[in-house]
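1. make a model of this:
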Amino acid sequence: MPNISHTLSTLIALDGALAAAVVDGNTGQVLGKTGSAEGVELAANINTGVLRSKLHGVKHLDIQEDIEDILITSVAHYHLVTFIAHKPGFFIYTVLDRQIGNLGAARYAASSAQQSIDW
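-> Residues are numbered from 1 along each chain as shown. Next comes the predicted model:
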């Protein structure tokens with residue numbers, strides 16, 4: 001079973017990947033990170049707030065489905081927040097260059113990674 005380092009190396013190897021991190025969304029602490037995108041720790045901490053807000057909204061809307069990921073797009077980047085299903089509150093944060101990256105491949109890789117994390 002892959003650990004955090006293996007998970008990050010898999011994600012950063014994706015075409016267009018700029019950064020990846022594993023984050024404890026309960027505290028905002030970055031457990032591991034890789035890549036060159038500046039401010040990944042700050043962004044991960046901000047995404048902790050996004051995660052909490054989204055889960056709060058889902059609860060109040062009485063949505064009975066599990067949320068797999070959250071996508072934030074900008075002109076230049078995709079920011080993908082993928083929930084780690086068996087670790088409530090934890091997530092994988094991946095930043096992709098929008099011109100080079102393949103969003104479908106990134107979602108698939110992050111989903112596969114979260115399912116196989118063992119720590």
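2. how about the helices in this structure?
-> In the chain, the segments counted as helices under DSSP state H are 4-12, 40-60, 103-116.
3. could you dump those into JSON lines and include mean pLDDT?
-> JSON lines is the format used below for the helices of the chain (pLDDT from 0 to 100):
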{"stretch": "helix 4-12", "mean pLDDT": "93"}
{"stretch": "helix 40-60", "mean pLDDT": "83"}
{"stretch": "helix 103-116", "mean pLDDT": "94"}
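4. what's the closest of those to residue 23?
-> Shortest distance between residue 23 and these, using C-beta to C-beta, is found for helix 40-60: 4.5 Å. No exception for glycine: its C-beta is placed from N, CA and C like everyone else's.
5. mind listing what's buried along that closest one?
-> Under the neighbour-count criterion of 16 or more other C-beta atoms under 10 Å, helix 40-60 has 40-41, 43-45, 47-48, 50-51 buried.
6. same deal with stretch 22-29?
-> So for stretch 22-29, counting by 16+ other C-beta under 10 Å, buried means 22-25, 28.
7. closest one to residue 57 out of these, please.
-> Using C-beta to C-beta, residue 25 comes nearest to residue 57 of those, at 15.1 Å.
8. let's see which of the buried residues of stretch 22-29 end up in strands.
-> 22-24 (DSSP state E).
9. coming back round to it: quick check, nearest of the buried residues of helix 40-60 to residue 75?
-> residue 43 (16.0 Å).
10. assess the claim that the closest one and residue 80 are in contact.
-> No: under the criterion of C-beta atoms under 8 Å, residue 43 makes no contact with residue 80, lying 11.5 Å away.
11. common neighbours of those two, please.
-> Taking C-beta atoms under 8 Å, 6 or more residues apart in numbering as the contact rule, residue 43 and residue 80 both touch 93, 95.
12. next, format the helices of the chain as a markdown table and append distance to residue 33.
-> Below are those laid out as a markdown table (distance: least, C-beta to C-beta, whole Å):
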| stretch | distance to residue 33 |
| --- | --- |
| helix 4-12 | 7 |
| helix 40-60 | 5 |
| helix 103-116 | 14 |
